[in-house]
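>>> output the structure for:
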Amino acid sequence: MPAADGAEIVLDSTGTGPGIVVVHGGGVTIEMYRRLASRFTMHLYNRRGRADAAARAEPYDGEQDIGDLATLLTHTGACNVIGHSGGGFIALRAAARRLPISRLALYDPAVQINGLSPAGWLPAAQQSARTGDIARATALTSAGINTHSAASRLPLGLQVAICRLFIRTPIGRTMGELLPTSLDESALIHRHDGPPERWSGIDAEVLLAYGADGPPYYPPIIEALARVMPHARTLTVPRAGHDALNRAPRHLTDALAEFFTAPVTSAPPDA
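So this is what the prediction gives:
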């Protein structure tokens, strides 16, 4: 289907159940989200600059991502959205602009709230990516965002060696190829640092979820957002890390199904 700027959006709708548009995370493609189709009709698409998606405009500001989401909501008629990681940031911005989203589920949303998410790793990772040292950039990124991981405390040289092997695997190759794109998105997210009140105008029903075994900065970010959103609830997902939405364990999909099938009590965005 054509995007607002004339680019082609490749939509893949699959599964049965409530229709949901998925805004995927930064370093992956829609292939990581297909397990969700066992419970829902998933409207999947690759965001700009990834796989079969059109190239994105530079410098990156996220506006095309928001515009593409608006196009997909209109085309599919869906009013349910899932945002994961950096996709959660895009989905939040879309909801704040009152796109027709009735229910919004965010899992580990990569949103910077009063400096809660670490950012010191980013300049060095960007520099390594610019020089073509993707293994080093991957190691710096992984250690910077996975502060709870034992691997993040290993000597950097050993982390780089591990990442050099990782980027030879199929998923590692994808993440490595997309890393410069992901780092640009991380930089944009950190430039949007601010108080949680900037998101208080979101009227959609919002489920704010995080994995109990994931990075430690997501719980305070989730709690800060929940305090200011009028129709938000929180969910701690046990035995789950940052990739739980990709793995789609039963206890997470059950919670999502309950959320997306419950009656909407908030006013529609255009009310």
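>>> got the phi and psi for the spatially closest residue to G67 that is not a sequence neighbour?
Nearest non-adjacent residue to G67, counting by C-beta to C-beta, 6 or more residues apart in numbering: A4, 4.7 Å away. The way it works is simple: take the backbone N, C-alpha and C, and place the C-beta from them, glycine included. The phi and psi values for A4, taken as degrees, to the nearest 10, are phi -60, psi -30.
>>> how about G77?
With angles defined as degrees, to the nearest 10, G77 sits at phi 80, psi 0.
>>> which non-adjacent residue is nearest it?
G19 is the one closest to G77 (C-beta to C-beta, 6+ apart), at 7.2 Å.
>>> now do the helices in the chain.
63-76, 86-96, 122-130, 134-145, 156-166, 170-191, 218-228, 244-247, 250-261 (DSSP state H).
>>> from A150, how far out is the residue nearest to G67?
According to C-beta to C-beta, to the nearest Å, A4 stands 45 Å off from A150.
>>> winner for burial among the helices of the chain?
helix 86-96 (a mean of 25; mean count of other C-beta atoms under 10 Å).
>>> how about residues contacting it?
By C-beta atoms under 8 Å, 6 or more residues apart in numbering, the residues outside helix 86-96 that reach it are 22-26, 47, 62, 65-66, 69-70, 81-83, 101, 104, 106-111, 182, 185-186, 188-189, 192, 198-199, 201-202, 204, 206, 269.
>>> state the distance from T131 to R173.
Counting by C-beta to C-beta, the gap from T131 to R173 is 19 Å.
>>> how much space separates G201 from F166?
In terms of C-beta to C-beta, G201 sits 41 Å off from F166.
>>> for A105, name its beta-bridge partners.
For A105, the beta-bridge partners under DSSP bridges are I82, L207.
>>> ok, how many other residues are close to it?
25 (other C-beta atoms under 10 Å).
>>> same check on P263?
5.
>>> next, the contact list for A187, please.
L122, Q126.
>>> distance of it relative to H231?
From A187 to H231 the distance is 31 Å (C-beta to C-beta).
>>> swap in R103?
Taking C-beta to C-beta, one finds R103 at 9 Å from H231.
>>> any common contacting residues for those two?
Common neighbours of R103 and H231 (C-beta under 8 Å, 6+ apart) are A204, E205, V206.
>>> read off the pLDDT value for the residue nearest to G77.
Predicted confidence (pLDDT) for G19: 94.
>>> ditto for the one 3 residues further on
Per-residue confidence for V22 comes out at a pLDDT of 98.
>>> what is it paired to in the beta sheet?
Assessed by DSSP bridges, V22 has beta-bridge partners I82.
>>> wait, doesn't H190 sit right on I113?
No: if you go by C-beta atoms under 8 Å, H190 and I113 don't touch, sitting 11.1 Å apart.
>>> ok so, going back, and of the helices of the chain, who's closest to Y33?
Of all the helices of the chain, it is helix 244-247 that lies closest to Y33, at 6.3 Å by C-beta to C-beta.
>>> export the helices of the chain to TSV and tack on mean pLDDT and distance to A37?
Converted to TSV, those look like this (pLDDT from 0 to 100; distance: least, C-beta to C-beta, whole Å):
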stretch	mean pLDDT	distance to A37
helix 63-76	97	14
helix 86-96	98	17
helix 122-130	98	33
helix 134-145	98	27
helix 156-166	98	27
helix 170-191	97	19
helix 218-228	98	25
helix 244-247	95	12
helix 250-261	95	10
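>>> appreciated, that's everything.
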